[in-house]
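Asker: okay, sequence plus prediction incoming.
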Amino acid sequence: MALGPHLLLALMEGTVAAFVLALTALGLSLVFGVMRIVNVAHGEFFMLGAVLAWFFTSLVPDLPFWGFMLALLAAPLCVAVIAVLADGLVLRRLNYEPEATIVATIGILYILQQAVLTIYGPNAQPVVAPINFRVVLPWFGYSGYKLVVIGAAGLLLLAAWYCITRTKFGLIMRATQFDRETAQAFGVPVKRVYAAVFALGAGLAAIAGVLVVPLQQAHYLMGLDPLLLSFIVVIIGGLDSLKGTILAAFIIGISDGIISMFFSPTLAKIIATLAVALVLVFRPNGLFGGRSR
């Protein structure tokens with residue numbers, strides 16, 4: 001295969017990774033933007049989505065399509081409920097203090113990880129893709145399911161954008177983000193908004209986990225890479241910029257796909273980490289972030 005087809009394949013793989021990463025990072029960005037907390041357990045919500053997808057699809061092994069549809073609906077809801085419980089039992093009691101919540105979410109990370117290890121076990125489990133076809137291109141065939149992932153993630157990103165920018169909940173969420181005290185004075189139930197935002201962020205990560213698990217395998221340690229890449233994306237894009245998060249996800253995802261194919265995945269992570277360091281030195285608010293208020 002010549003360089004051109006190799007490059008095209010790398011771009012397609014990078015695009016799939018970018019859409020999944022954009023969903024995951026958007027959840028992390030929302031939680032930080034509105035609640036002003038760093039959720040270190042965010043990758044475990046991604047992992048829970050994948051593991052629960054395996055569980056739900058295993059309930060109907062002879063019907064992979066409907067099993068996957070069940071997982072796509074039920075897994076994010078289950079993860080959102082877990083996030084609401086974590087918010088009420090832990091984060092709210094700490095009054096969402098930034099330093100305390102970092103330690104608390106590290107604790108949540110280990111609790112979720114060890115709970116899944118105990119219940120689910122240490123072995124990776126495959127999930128059958130709900131559809132199985134290949135798109136034949138002039139130089140190679142490409143997985144149709146990966147194209148479905150791109151389409152589904154794109155629709156979900158549009159739905160999230162609409163929710164944030166065009167609905168009453170989005171308005172309340174943005175008001176809470178801008179000034180928590182003033183919003184509360186005008187009758188906004190800030191703690192309920194925080195719980196909903198934390199659940200939404202966790203749900204987005206879980207959906208990303210469900211979409212990607214047929215391409216990988218469900219494993220209790222699979223949350224580390226999504227967490228690392230999501231932090232990289234949010235820092236580069238700007239901690240308070242959803243648009244920057246999406247753009248940075250595509251920059252990191254596509255470059256990661258190209259570098260991983262032509263060189264190595266380790267080099268791709270090293271370059272992404274160096275990019276974060278450069279952004280922190282020269283643009284502390286991120287490439288697309290606003291000035292600190």
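Answerer: Received it, and whenever you're ready, just let me know what you need.

Asker: from here on, contacts and neighbour counts on C-alpha atoms
Answerer: Will do.

Asker: hmm, who's touching stretch 36-43?
Answerer: Applying C-alpha atoms under 8 Å, 6 or more residues apart in numbering, the external contacts of stretch 36-43 come out as 28, 31-32, 96-98, 101-102, 105-106, 108-109, 202, 205, 222-227.

Asker: output it as CSV, nothing but the C-alphas.
Answerer: The C-alpha trace of stretch 36-43 is given here as CSV (Å, rounded to 0.1, in the frame of the first residue of the first chain):
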residue,chain,number,x,y,z
ARG,A,36,-15.1,24.3,38.9
ILE,A,37,-13.9,20.9,40.0
VAL,A,38,-11.3,18.6,38.4
ASN,A,39,-13.0,15.1,38.1
VAL,A,40,-10.1,12.6,38.3
ALA,A,41,-12.6,9.8,38.2
HIS,A,42,-13.9,10.8,34.7
GLY,A,43,-12.0,7.9,33.0
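
Asker: what's the spacing between Arg180 and Phe46?
Answerer: According to C-alpha to C-alpha, to the nearest Å, Arg180 and Phe46 sit 28 Å apart.

Asker: who has more neighbours, these two?
Answerer: Phe46 (29 against 18; other C-alpha atoms under 10 Å).

Asker: next, the more buried one: phi, psi?
Answerer: Here is the backbone geometry of Phe46 (degrees, to the nearest 10): phi -60, psi -50.

Asker: can you pull the pLDDT of it?
Answerer: Looking at Phe46, its pLDDT is 97.

Asker: correct me, but it touches Leu224?
Answerer: No - Phe46 lies out of contact with Leu224 (C-alpha atoms under 8 Å); the separation is 9.4 Å.

Asker: what about Val90, neighbour count?
Answerer: 17.

Asker: quick one, what contacts it?
Answerer: Contacts for Val90 (C-alpha under 8 Å, 6+ apart) come out as Ala104.

Asker: what's the spacing between it and His42?
Answerer: 15 Å.

Asker: now Glu97
Answerer: Distance from Glu97 to His42, by C-alpha to C-alpha: 17 Å.

Asker: neighbour-wise, which of the two wins?
Answerer: Neighbour count, other C-alpha under 10 Å: between Glu97 and His42, His42 has more, with 31 against 14.

Asker: host element of Val135?
Answerer: For Val135, the host element (DSSP states H and E) is strand 134-136.

Asker: repeat for Ala22
Answerer: Assigned by DSSP H and E, Ala22 falls in helix 3-35.

Asker: now the helix or strand bottoming out on mean pLDDT in the chain: buried residues?
Answerer: Ranked by mean pLDDT, DSSP states H and E, the helix or strand of the chain with the weakest confidence is strand 141-143, at a mean of 77. For strand 141-143, burial by neighbour count (16 or more other C-alpha atoms under 10 Å) applies to Tyr142.
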